[in-house]
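J.: This is a predicted model, with the sequence first.
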Amino acid sequence: MRNRFLTRVTVVAIGLCVAAVTLVTAQTPAYRAPRAPDGKPNLGGIWQAINTANWDIEAHSAAPSPVLELGAAGAVPGGLGVVEGGTLPYRPEALAKRNENRANRLKLDPEIKCYLPGVPRATYMPFPFQIIQSQKHIMLIHEYAGAVRTIYMTDQTEAPADSWMGWSNGRWEGESLVVDTKGFNDLSWFDRSGNFHSDALHVVERFTPRSADTLNYEVTVEDPKVFTRPWKMSMPLYRRVEPNAQILEFRCVEFVEDLLYGHLRKQPSQ
Amino acid sequence: MNRRSLVSVGILVLVAAVVLSATIAAQAPASAAKAAPAAKAAPAGKAYTPPKTPDGQPDLQGFWTNSTYVPLERPQGVTKEFYTPDEAEEAIKKAAAREAEQTEPGTTADVHYDFSQFGLDRSQSTIAKSLRTSLVVDPPDGKIPPVNAQGQKRAADRAAARKAAGGQYDSVQNMPIGSRCIIMGGAGPPMMNAGYNANYQIVQSPGYVMILTEMIHDVRVIPLDNRTQPPQGVRQWTGVSRGRWEGNTLVVETTNFNGKNAFRGASENMKVTERFTRVADDMIDYKFTVEDPATWDRTWTAEAPLAKTGGPIFEFACHETNYGIANILAGARAEEKQKAEQAKKGSN
């Protein structure tokens, strides 16, 4: 009798706990963003990632600068990684290429040459980007190299040709902007550590407001030529809340000309 | 001859880089060989009410071109402000013929490239037609005002600095800014027609107007919230733009230029005021006023309408495939080496 009573009390208590947990979950529904004039979630603003993904999307320790003269200023900060599961599922030959890329980073990283950053790298470069949102087109305007993406919300087509930033078609799924991008060339990287892709790259990004000044950024990457399976990365993006925040020019072509063409400079005649 | 062929190679390669996008653009039916109606010669009629964006701004959105055969300054011998429609057609035909002429098969100039093959000549894409004899509308003679003493001194200083830096092919920094894929003429401000791919995309969201220039994926995000200009220390190739609506006209003021691609010899303290007014579904009236007392004793104003054109705009990755610049410089070094060897032989 007593035992049965105890059991009953326990069951009720457990039930209450479950109910409480359920209740708490129900009390924190997904964040609902302010609306744009067309009624869609308003993602407008200037955003920036605050992490070390541009150094290496996988987990990594702090490391010295690859350029001696830059000392601590050019050193690599450690990072916990943004890839779900921690490690990228490379095909064996692709992993070898990644390692070769990494070893020759100063010669091969497209960022060093001021080339367009590709996707998703553009999003987590250490530069802000601005979202200009209309019904037909959502523009992602990146400070780095003046890279720009047009996301077609209507008048969608297949990628007409391969490009650095790909061809993006978007749709709204509840609170999320879902962007499907294909038509990439095989020249951009994911980070400064040589992580790369082929022209078979297919990127699906989800931008979901999580508070007034933060977005969740989730990416699914598919590239059967380089990876054995699709993989995901995610990170928050933070609003640049300074009232005068704006995207400035980072027209870096000028900054890399001596690096790229300096050896072709006319030498003083002997 | 050697120098000319170097230039030709450079142009070939640069052009080859844009061929892809031009080819695609030519395939887009909406943009091909469609002339927009002539901009009204008289001030725009009041009858047209532009559509509004969901947040109530006059709607300038879409794809536009300022491609035109109208010269910035009124040609010698032309004294009137407007051509008749027939004269305007004739002027376009003549200009188009001149553009085609340089690529006449079998001529020396033909090695440059056949611009007409890939629609790079203006006549094959949308032209923002106008009856004007010059883009400059003020001063009324259609000419940019004379450069004042201060402006002339700056021009002389700049020329001397260029000369001191050596020959055009001595280093990449001596090459034209467009060939270096840093910035081209379409971005402005003021937005001048770029010769080919003179296309723009305008997107509006609450508080902002964004203008994307096809060459070289230059974007101006223009805030409409009356914020102040950044400090003088912030200087940019495209300056810093601030906008406001005056009725149906978007007024954009731009300062904080870096002076490295000085517009018509202006100083870095130039101020450009642009006015965008949608006067028809397929036409934006675009006027700009240039103010720079360090160069001109008076302001001057030009009008370069934007005609609706077919989208979309494709990625213009110029720097990433700029083989032309490396080849031009390498060619110049090879030429020097060859000459030096010949000189050595001669002296032996």
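T.: All right, it came through fine. Numbers count the residues shown, from 1 in each chain, chains lettered A, B, ... in the order given.

J.: from here on, contacts and neighbour counts on C-alpha atoms
T.: Will do.

J.: Any stretches of chain B with poor pLDDT?
T.: B:1-46, B:101-119, B:348 (pLDDT under 70).

J.: near chain A, which residues of it?
T.: Proximity of chain B to chain A (Cα under 8 Å from any Cα of the partner chain) is limited to residues B:24, B:54-55, B:170-173, B:180-182, B:203-206, B:208, B:210, B:217-219, B:221, B:227, B:236-237, B:315, B:317, B:319-320, B:326, B:329-330, B:333.

J.: what ranges do the helices span in the stretch 101-250 of chain B?
T.: B:149-164 (DSSP state H, counting those that start in this stretch).

J.: And the strands in it, which stretches?
T.: B:136-138, B:199-205, B:208-213, B:218-223, B:240-246, B:249-255 (DSSP state E, counting those that start in this stretch).

J.: Summarise which helices and strands the fifth one is packed against.
T.: Applying 3 or more Cα pairs under 8 Å, 6 or more residues apart in numbering or on different chains; DSSP states H and E, we find strand B:240-246 packed against strand B:218-223, strand B:249-255.

J.: out of these, deepest packed?
T.: The highest mean neighbour count among the helices and strands packed on strand B:240-246, using mean count of other Cα atoms under 10 Å in any protein chain shown, belongs to strand B:218-223: a mean of 24.

J.: Chain A versus B:Gly247, what's the distance?
T.: 20 Å (Cα to the nearest Cα, to the nearest Å).

J.: Extract the residue ranges of the stretch 151-270 of chain A that are flagged as low pLDDT.
T.: A:269-270.

J.: if we go to 80?
T.: Scanning the stretch 151-270 of chain A for pLDDT under 80 picks out A:268-270.

J.: Can you name the residues of it sitting close to chain B?
T.: That would be A:160, A:163-165, A:244, A:247, A:249, A:251, A:253-254, A:257-258, A:261-262, A:264-266, which are the residues of the stretch 151-270 of chain A within reach of chain B (Cα under 8 Å from any Cα).

J.: In helices, which of these fall?
T.: Among these, the members falling in helices (DSSP state H) are A:Val253, A:Glu254, A:Glu257, A:Asp258, A:Tyr261.

J.: Neighbour count for these - can I get that in JSON lines?
T.: As requested, those are exported to JSON lines (neighbours: other Cα atoms under 10 Å in any protein chain shown):
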{"residue": "A:Val253", "neighbour count": "19"}
{"residue": "A:Glu254", "neighbour count": "15"}
{"residue": "A:Glu257", "neighbour count": "16"}
{"residue": "A:Asp258", "neighbour count": "15"}
{"residue": "A:Tyr261", "neighbour count": "17"}
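
J.: Now stretch B:142-149: buried residues?
T.: Within stretch B:142-149, the residues that count as buried by 16 or more other Cα atoms under 10 Å in any protein chain shown are B:Gly142, B:Lys143, B:Ile144, B:Val147.

J.: Equivalent analysis for stretch A:135-155, please.
T.: Buried residues in stretch A:135-155, counted by 16+ other Cα under 10 Å: A:135-153.

J.: Output it in PDB, but only the C-alpha positions, please.
T.: Taking C-alpha atoms only, stretch A:135-155 is exported to PDB below (Å, rounded to 0.1, in the frame of the first residue of the first chain):
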ATOM      1  CA  GLN A 135      10.400  41.900 -52.100                       C
ATOM      2  CA  LYS A 136      12.100  40.800 -55.300                       C
ATOM      3  CA  HIS A 137      15.800  41.100 -54.500                       C
ATOM      4  CA  ILE A 138      17.700  40.800 -51.200                       C
ATOM      5  CA  MET A 139      21.200  42.200 -51.600                       C
ATOM      6  CA  LEU A 140      24.100  41.100 -49.400                       C
ATOM      7  CA  ILE A 141      26.700  43.800 -49.600                       C
ATOM      8  CA  HIS A 142      30.100  42.800 -48.200                       C
ATOM      9  CA  GLU A 143      32.800  45.300 -47.200                       C
ATOM     10  CA  TYR A 144      35.600  42.900 -48.200                       C
ATOM     11  CA  ALA A 145      36.600  43.400 -51.800                       C
ATOM     12  CA  GLY A 146      33.200  45.000 -52.500                       C
ATOM     13  CA  ALA A 147      31.700  41.500 -53.000                       C
ATOM     14  CA  VAL A 148      28.000  41.600 -53.600                       C
ATOM     15  CA  ARG A 149      25.300  38.900 -53.900                       C
ATOM     16  CA  THR A 150      21.800  39.300 -55.300                       C
ATOM     17  CA  ILE A 151      19.300  36.800 -53.900                       C
ATOM     18  CA  TYR A 152      16.500  36.400 -56.300                       C
ATOM     19  CA  MET A 153      13.200  36.000 -54.300                       C
ATOM     20  CA  THR A 154      11.100  36.100 -57.500                       C
ATOM     21  CA  ASP A 155      12.200  35.800 -61.200                       C
END
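
J.: residues in contact with it?
T.: A:38, A:114-117, A:122-123, A:125, A:127-133, A:165, A:167-171, A:179, A:247-253, B:203, B:217-219 (Cα atoms under 8 Å, 6 or more residues apart in numbering or on different chains).

J.: hmm, back to that, for the residues of the stretch 151-270 of chain A next to chain B, which ChimeraX command selects only the ones that are buried?
T.: Here is the ChimeraX command that picks out the buried ones among those, judged by 16+ other Cα under 10 Å:
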select /A:163,164,165,247,249,251,253,257,261,264,265,266
